[in-house]
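Novice: Here is my input; please provide its structure:
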Amino acid sequence: MKKSVVFAFLLIAVFGFGQEKFDASKVKAFQDELNSEFASKGKSPLTESDRKDFKSLDFFAPSSDFFVLADFKRTESEKPFKMKTSTDRTPVYVKYGELAFEIKGRKFRLNVYQNVELIKKKGFEDYLFLPFSDLTSGKETYIGGRYIDLKIPTGNVVSVDFNTAYNPYCAYNHKFSCPIVPLENDLDIAIDAGVKKFHD
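Specialist: This is a model prediction of the structure:
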């Protein structure tokens, strides 16, 4: 998964996470960056046959409904745990905090996690991992859920743009090992934003 981790950091470096309001141009830039990576022979997670025919990933239309300013609560004294993946690999994570937010007038909560080994690497010290599933999972989107990359906030509010939700690499190629979304991060709402599933 080193390849996925490097790309996640690239997205953070390019787009940042200090937004205070929805910006459709940043969503477009995110989509262009994904498509560029997937089309690249040296970077793409796609199988060679899929990459040769690749034109673009399928995205929901950008929507301000799925850009939220979430209240961030740091959770102290959490015990590290082995997160299940699509393979036998069990990377160690720790719950770093909780995000409370509203979408379309409904209140939700998601946990954010930190990879215990990854934060020891230069450039990843403030990287946070936000995996989630929702009512589109297994329908319009990948059955295993999607991910969003975040950085440790400096205050108690963090912007979360579900328009930048992306699929784990194992959605495209079984050779990759990807964390499985914890059950507590399943949202009882359709998140019609971000990347859709690759194959019908």
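
Novice: Quick one: distance of the helix of greatest length in the chain to the chain centre.
Specialist: Using DSSP state H, we find that the single longest helix of the chain is helix 24-39. Centre-to-centre, helix 24-39 and its host chain are 14 Å apart (CA atoms, centre = their mean, to the nearest Å).

Novice: Please save the CA atoms from the helix or strand residue 112 falls within in PDB.
Specialist: Following DSSP states H and E, one finds residue 112 within strand 106-115. Listed next in PDB are the C-alpha coordinates belonging to strand 106-115 (Å, rounded to 0.1, in the frame of the first residue of the first chain):
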ATOM      1  CA  ARG A 106     -29.200  15.400   9.800                       C
ATOM      2  CA  LYS A 107     -26.500  14.800  12.400                       C
ATOM      3  CA  PHE A 108     -23.700  12.300  11.900                       C
ATOM      4  CA  ARG A 109     -20.500  11.300  13.500                       C
ATOM      5  CA  LEU A 110     -17.300   9.600  12.100                       C
ATOM      6  CA  ASN A 111     -14.100   8.400  13.700                       C
ATOM      7  CA  VAL A 112     -10.700   9.500  12.200                       C
ATOM      8  CA  TYR A 113      -7.700   7.300  12.600                       C
ATOM      9  CA  GLN A 114      -3.900   7.500  12.600                       C
ATOM     10  CA  ASN A 115      -1.600   4.800  11.200                       C
END
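
Novice: for the very next helix or strand once past it, packing partners?
Specialist: With elements assigned by DSSP H and E, the helix or strand that comes after strand 106-115 is strand 127-132. Applying 3 or more CB pairs under 8 Å, 6 or more residues apart in numbering; DSSP states H and E, one finds that strand 127-132 makes contact with helix 2-15, strand 92-103, strand 106-115, strand 146-151. To be clear about C-beta, it is placed using only N, CA and C from the backbone, and glycine gets the same treatment.

Novice: hmm, 10 Å instead?
Specialist: Packing partners of strand 127-132 (3 or more CB pairs under 10 Å, 6 or more residues apart in numbering; DSSP states H and E): helix 2-15, strand 92-103, strand 106-115, strand 146-151, strand 157-161.

Novice: Just send the ones you listed back as CSV, with mean pLDDT too.
Specialist: Formatted as CSV, the helices and strands packed on strand 127-132 follow (pLDDT from 0 to 100):
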stretch, mean pLDDT
helix 2-15, 45
strand 92-103, 98
strand 106-115, 98
strand 146-151, 97
strand 157-161, 97
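
Novice: right, and the ones you listed - which one's nearest residue 190?
Specialist: Between residue 190 and those, the tightest spacing by CB to CB is seen for strand 92-103, at 9.8 Å.

Novice: Show me what that closest one is packed against.
Specialist: So strand 92-103, by 3+ CB pairs under 10 Å, 6+ apart, packs with strand 67-74, strand 81-82, strand 106-115, strand 127-132, strand 146-151, strand 157-161.

Novice: orientation of the fifth one relative to strand 157-161 in degrees?
Specialist: Strand 146-151 and strand 157-161 are oriented at 140 degrees to each other (axes from the mean of the first three to the mean of the last three CA atoms, to 10 degrees).
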